[in-house]
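Peer 1: need coordinates for the below:
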Amino acid sequence: MTDSMAEESGDAGGNSGRRSFLKYAGAGGAAALAAGCKTRDRQSGSGFENTADGGNESGTEPPQPLSGNTIRIGSLAPQPDSFPIGQSMWNSTLMAVEEINQNGVPGIGGRGILGAKLEPVSGNTEASPGTALEEFDRLVQKEGCKTTFGTFLTQCTLQIFNSMKATETVHITTAAAGPKPARIVHERYDEFKWHFRAGPINSYDLARAELEFLDIYADQLGWDSVAVLTENIAPLDPFAELLDESVRDIVSEVPVFKRSSSGTTNWTPLFDEVESSGADLNLVAQALTGTAAVKQWSNQNRQFEMGGIHVPSQVYEFWEEVSGACEHIFTMNAVTPQTTNTPRTQDFMKRYQKRFDTFPVYSGPIQYDAVRAYAQAMAQWVLDNDLEEIPSNEDMVKALEKYKFTEGIVLPEVKFTPPEADYAHDPQWTSMKETGVPVWQQWQIDREVAEDYGVMHSFAPEQNKTSDYTYPDWIDYPSDHPANQ
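Peer 2: Prediction:
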C-alpha cells in the first residue's frame, strides 16, 4: 500500500514517463508479452463475518448449489510476465483461484464457490490507460469475465469507469492509491457503484500514515530536522499537500520542502542543498527517480538518512539491481517477507516464494485478498438468500458492501467504506498504530536470515517489527545520538 502511490506516475501524463517507470527495477523493463488465459487447481483460505452455519467443521457434506458453473475472473496487470507489480498480481490471482477451486470457501468446503469453478484470465494493461480500457473490454465482452481485479496507475482505473458502468461489471482495484475513483463512487453512486478498492489505502490515508509515523518515531530515531523531497507527479499531489500542511507541527525543522522533477538523474545539487541545511533525514516520495537517487546517496556517503515512500525498494530484486546500495534505505510498504501482519501472512509469503522463487510486491497480497474476499462474499450471499444460481453483479455490489472479510494477508479485516463515505468503497483504515499497516521496511544485512542478500526488515510499527532501525556507518553522529546508544 505504500507502495502504491508513486506507482501511479502515469497520472502525470506522457508515455515516456510510463516507460521510464516500468524500467525502475530492471525486471520491469522487459517488453510486454501477449496476455493469455491460465487455469490451475490447488487449496484455499478466506472468510467473512456471519458466514453460514455448517461446513467442513460439522462433518456434513457442504452445500454446492452452484455446481456445474464456471465463473471467469479477469486480472488487469501491467506486464504480468515481466514487471514485478504485474507479476505479483497475476501470480497471486493464480494462487487464490487454485486454492478456492481445490478446497472451496473456508467454513463451507467443497470445491470452488459452492461448486462453481473459478477460471482466471490475464489482461496486460502495459501501464497504459488506453490499453487498460481495451483489455477490460476484451476480458468482459469477449472472454466473459464476471468481474475484474487489478489496475495499476489511477488513470488506468479511471479509464475503465465508463465501460464498467455500461457493462455493470464489478471491478476491484488492488494496486493504485489515487483517491479520485472512490470520490466518484461517492458522488455518482448509482452510475459507478461497481468500483471497489481492496487496497492500498488511498493517498490521503498514506500521507496521514506517514505523519503518524513521524509523530511516533522522529524523536526516537533522532530526526529533529527533516528535509522533504517529493517527486512531482500527479498521484503525489495530495500527499505533498498534506505533508506541507502538517509536517512542521511534528518535527522541529523542515529546512527543505521541494517537489523534485520526475526526470531527475543528477541528484548532487538537491543532495547538496539537503546536506548543507543540516537535515537529519531526507524524507522522500520517489518512483521514477528512486533508483538513481539511492545509488548516488550511497556512493556519495551523504550525511543524512533517507527514506519515506520509495517504490523501487519495495521490490525484492532491488538489492541486486543496485548492488546493495539500498542498505539503510527505508520505505512505507504493505507487507514484507518478514512481517506477520496477520496469522496468515507468513504462510502466504513462504508459499509464494517456494512457487515463484521470489517474494511478491504489495500488489500481490492485496490481489490475493481481493479474489478470496469476492469469492467469500458470493458464497455468503448465495447461502443467505437461498439461491441456486450465480448472483447478479447488482447483488455482488450489495454483498461486498455488506460483509466483512476476516482472513486477510495484509489487514486482519477488510471492510469497504459505505456509499455515504467521502471516499466510498475504499478499504476502511483507521491508523497505523491500530491496524499495523503500513509497515516501515528498511533494507538491512542480517546473516541469520540471508547469508548473501539484503533483508527487507520492518522496524515499525511495533506489532509488525522484525528488527531495530539501523544507521549508515559513514555518517558522523554525535555521541548522544540514538545511533550511538
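Peer 1: what residue spans form the domains of the protein?
Peer 2: Using automatic domain parsing, the domain parsing of the chain gives 2-201+342-431, 204-338+433-484.
Peer 1: could you point out the longest helix of the protein?
Peer 2: The residue-count maximum for a helix in the chain (DSSP state H) belongs to helix 363-384.
Peer 1: check which helices and strands that one is in contact with.
Peer 2: Counting contacts by 3 or more C-beta pairs under 8 Å, 6 or more residues apart in numbering; DSSP states H and E, helix 363-384 is packed against strand 70-77, helix 84-103, strand 147-150, strand 170-173, helix 345-356, helix 393-402. Where C-beta positions appear, they are placed from N, C-alpha and C, glycine not excepted.
Peer 1: out of the ones you listed, which comes closest to residue 61?
Peer 2: For residue 61, the closest of the helices and strands packed on helix 363-384 is helix 84-103, at 14.7 Å, according to C-beta to C-beta.
Peer 1: for the longest helix of the chain, what is the average pLDDT?
Peer 2: Averaged across helix 363-384, pLDDT comes to 96.
Peer 1: only C-alpha atoms, please: export that helix in PDB.
Peer 2: The C-alpha coordinates for helix 363-384 follow below in PDB (Å, rounded to 0.1, in the frame of the first residue of the first chain):
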ATOM      1  CA  SER A 363       0.000  -5.700  -5.200                       C
ATOM      2  CA  GLY A 364       0.200  -9.500  -4.900                       C
ATOM      3  CA  PRO A 365      -1.100 -10.000  -1.300                       C
ATOM      4  CA  ILE A 366      -3.800  -7.300  -2.000                       C
ATOM      5  CA  GLN A 367      -5.000  -9.100  -5.100                       C
ATOM      6  CA  TYR A 368      -4.900 -12.400  -3.400                       C
ATOM      7  CA  ASP A 369      -7.100 -11.000  -0.600                       C
ATOM      8  CA  ALA A 370      -9.400  -9.300  -3.100                       C
ATOM      9  CA  VAL A 371     -10.100 -12.600  -5.100                       C
ATOM     10  CA  ARG A 372     -10.800 -14.500  -1.900                       C
ATOM     11  CA  ALA A 373     -12.900 -11.700  -0.400                       C
ATOM     12  CA  TYR A 374     -15.000 -11.700  -3.600                       C
ATOM     13  CA  ALA A 375     -15.400 -15.500  -3.600                       C
ATOM     14  CA  GLN A 376     -16.500 -15.400   0.100                       C
ATOM     15  CA  ALA A 377     -19.000 -12.600  -0.500                       C
ATOM     16  CA  MET A 378     -20.600 -14.500  -3.300                       C
ATOM     17  CA  ALA A 379     -20.800 -17.700  -1.300                       C
ATOM     18  CA  GLN A 380     -22.300 -15.900   1.700                       C
ATOM     19  CA  TRP A 381     -24.800 -14.100  -0.500                       C
ATOM     20  CA  VAL A 382     -26.000 -17.300  -2.100                       C
ATOM     21  CA  LEU A 383     -26.400 -19.100   1.200                       C
ATOM     22  CA  ASP A 384     -28.100 -16.100   3.000                       C
END
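Peer 1: how far away is the nearest residue to residue 89 once chain neighbours are set aside from residue 66?
Peer 2: Sequence neighbours aside, residue 77 is the residue nearest to residue 89 in space, at 3.9 Å (criterion: C-beta to C-beta, 6 or more residues apart in numbering). As judged by C-beta to C-beta, to the nearest Å, residue 77 and residue 66 stand 27 Å apart.
Peer 1: these two: which has the busier surroundings?
Peer 2: residue 77 (35 against 23; other C-beta atoms under 10 Å).
Peer 1: I'd guessed the more buried one sits against residue 127; true?
Peer 2: No: in this structure, residue 77 is not within contact of residue 127 by C-beta atoms under 8 Å, at 9.4 Å.
Peer 1: shared neighbours, these two?
Peer 2: Listed as contacting both residue 77 and residue 127 by C-beta atoms under 8 Å, 6 or more residues apart in numbering are residue 152.
Peer 1: could I get the full set of strands for this structure?
Peer 2: Secondary structure of the chain (DSSP state E): strands at 70-77, 117-124, 147-150, 170-173, 195-197, 226-231, 257-260, 281-286, 305-310, 330-333, 439-444, 455-460.
Peer 1: could the ones you listed be laid out in JSON lines, adding distance to residue 356 and mean pLDDT?
Peer 2: Converted to JSON lines, the strands of the chain look like this (distance: least, C-beta to C-beta, whole Å; pLDDT from 0 to 100):
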{"stretch": "strand 70-77", "distance to residue 356": "14", "mean pLDDT": "98"}
{"stretch": "strand 117-124", "distance to residue 356": "15", "mean pLDDT": "98"}
{"stretch": "strand 147-150", "distance to residue 356": "17", "mean pLDDT": "98"}
{"stretch": "strand 170-173", "distance to residue 356": "22", "mean pLDDT": "98"}
{"stretch": "strand 195-197", "distance to residue 356": "25", "mean pLDDT": "98"}
{"stretch": "strand 226-231", "distance to residue 356": "29", "mean pLDDT": "97"}
{"stretch": "strand 257-260", "distance to residue 356": "34", "mean pLDDT": "97"}
{"stretch": "strand 281-286", "distance to residue 356": "26", "mean pLDDT": "96"}
{"stretch": "strand 305-310", "distance to residue 356": "23", "mean pLDDT": "97"}
{"stretch": "strand 330-333", "distance to residue 356": "18", "mean pLDDT": "98"}
{"stretch": "strand 439-444", "distance to residue 356": "20", "mean pLDDT": "98"}
{"stretch": "strand 455-460", "distance to residue 356": "16", "mean pLDDT": "98"}
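Peer 1: much appreciated, bye for now.
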